[in-house]
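Undergrad: starting from these lines, generate the structure:
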Amino acid sequence: MAQPQHPKLPSVLPSVPAIQDVNTTPEQVDAGHARVTNPTETPIFICAMEDCYRLFPSRDRVMLHRKRDHDSEDQADIITWNE
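TA: Residues are numbered from 1 along each chain as shown. All right, here's what the predicted structure looks like:
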């Protein structure tokens, strides 16, 4: 039986104007609190419907978003590393 195809992000996402960060100090940037994570620690679900690409912490949240913002209950076109 064939493996289901998962949707993939396009190589170039649509651009949007950047908003300048006027609150972060140089000291905060230099502190560098970033770290590597994994699917267990950081669930990510992306709505790939109609070029939306919004990120959510669970499949349930994606589905609530779709019902509200896309008027759809379609469960296709969800990109995740958690499943």
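Undergrad: show me where pLDDT drops low in this protein?
TA: Across the chain, the ranges flagged by pLDDT under 70 are 1-7, 9-11.
Undergrad: 80 instead?
TA: Across the chain, the ranges flagged by pLDDT under 80 are 1-14, 32-35, 51, 83.
Undergrad: can you give me the strands for it?
TA: 45-47, 54-56, 78-80 (DSSP state E).
Undergrad: redo those strands as CSV? Include distance to Leu13 and mean neighbour count.
TA: No exception for glycine: its C-beta is placed from N, CA and C like everyone else's. What follows is the strands of the chain, written out as CSV (distance: least, Cβ to Cβ, whole Å; neighbours: other Cβ atoms under 10 Å):
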stretch, distance to Leu13, mean neighbour count
strand 45-47, 11, 20
strand 54-56, 12, 15
strand 78-80, 12, 17
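Undergrad: closest one to Thr24 among the ones you listed?
TA: Nearest to Thr24, of all these, is strand 54-56, at 20.7 Å by Cβ to Cβ.
Undergrad: rewinding a little: and of the strands of the chain, who's closest to Asn38?
TA: Here strand 78-80 is closest among the strands of the chain (Cβ to Cβ), at 13.1 Å.
Undergrad: show me the beta-bridge partners of the spatially most central residue of the chain.
TA: Residue closest to the average C-alpha location in the chain (Cα atoms, centre = their mean): Leu55, at 2.7 Å. With DSSP bridges as the criterion, Leu55 is bridged to Ile46.
Undergrad: tally up the residues packed near Asp69, please.
TA: Each residue near Asp69 was counted by other Cβ atoms under 10 Å, and the total is 13.
Undergrad: in this protein, which spans are helices?
TA: 26-31, 59-65 (DSSP state H).
Undergrad: point out the most buried one among the ones you listed.
TA: Of the helices of the chain, the one with the most neighbours on average (mean count of other Cβ atoms under 10 Å) is helix 59-65, at a mean of 16.
Undergrad: ok, back up a step: any chance of the strands of the chain in CSV with distance to Gln20 as columns?
TA: Conversion of those to CSV gives the following (distance: least, Cβ to Cβ, whole Å):
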stretch, distance to Gln20
strand 45-47, 26
strand 54-56, 22
strand 78-80, 29
